[in-house]
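Engineer: build me a structure from this.
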Amino acid sequence: MQKQSIFLVGPMGAGKSTVGRFLAERLGYEFIDSDHEIEERTGVTIPMIFDIEGETGFRQREMTVIDELTQRPNIVLATGGGVVLAEDNRRALRSRGFVIYLRSSVESLVQRTKNDRNRPLLQTDDPEKVIRQILEARDPLYMEIADLVIETQQVSVFRVVKHIHEALEAQGIVS
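Structural biologist: Residues are numbered from 1 along each chain as shown. So this is what the prediction gives:
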């Protein structure tokens, strides 16, 4: 059986990093967070990249990192919420691994991100409106590349990881 890398996509606050860390541990894979990788390479935070280079500059950096990381074997990769905006990223994710869309309600996402200052797109008077707009635009893109869709609201991280692991076993992705 060919082991496959697992790529987690979904909006900010859906649990990609948390679920990814536990899933990687359970599978014996390396865990990588693409946003943390960008911060390590640049030596600055994502909000600072947004301030200096704008979203366009950040997306360019993200594309380079995604292209490299998706070529690594046996990893669980937590991607940034906007990774699906670039066709190149969608193609890389879709063709190089098993894509899991962690889906969550707007209410859940608002709750999970309300005190997080590291989310440049939510530094606004109406973060709920922004989350709704983001989901409206990105949900079809997440769905387009997803091999598996997992709902993450009202479920513990451990239950989500267990559910993903069972689905991966059932499909012969992992043993």
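Engineer: other residues contacting the strand or helix carrying Val19?
Structural biologist: Using DSSP states H and E, Val19 sits in helix 16-27. Outside helix 16-27, the residues within contact range by Cβ atoms under 8 Å, 6 or more residues apart in numbering are 6, 8-10, 29-31, 33, 75-79, 102, 152, 157-158, 160-161, 164-165, 168, 174. No exception for glycine: its C-beta is placed from N, CA and C like everyone else's.
Engineer: helices or strands next to the host helix or strand of Glu55 in the packing?
Structural biologist: In the assignment (DSSP H and E), Glu55 maps to helix 46-69. Packing partners of helix 46-69 (3 or more Cβ pairs under 8 Å, 6 or more residues apart in numbering; DSSP states H and E): helix 34-42, helix 87-96.
Engineer: can you redo the ones you listed as JSON lines with distance to Val130, mean pLDDT and mean neighbour count?
Structural biologist: Converted to JSON lines, the helices and strands packed on helix 46-69 look like this (distance: least, Cβ to Cβ, whole Å; pLDDT from 0 to 100; neighbours: other Cβ atoms under 10 Å):
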{"stretch": "helix 34-42", "distance to Val130": "18", "mean pLDDT": "96", "mean neighbour count": "17"}
{"stretch": "helix 87-96", "distance to Val130": "21", "mean pLDDT": "97", "mean neighbour count": "17"}
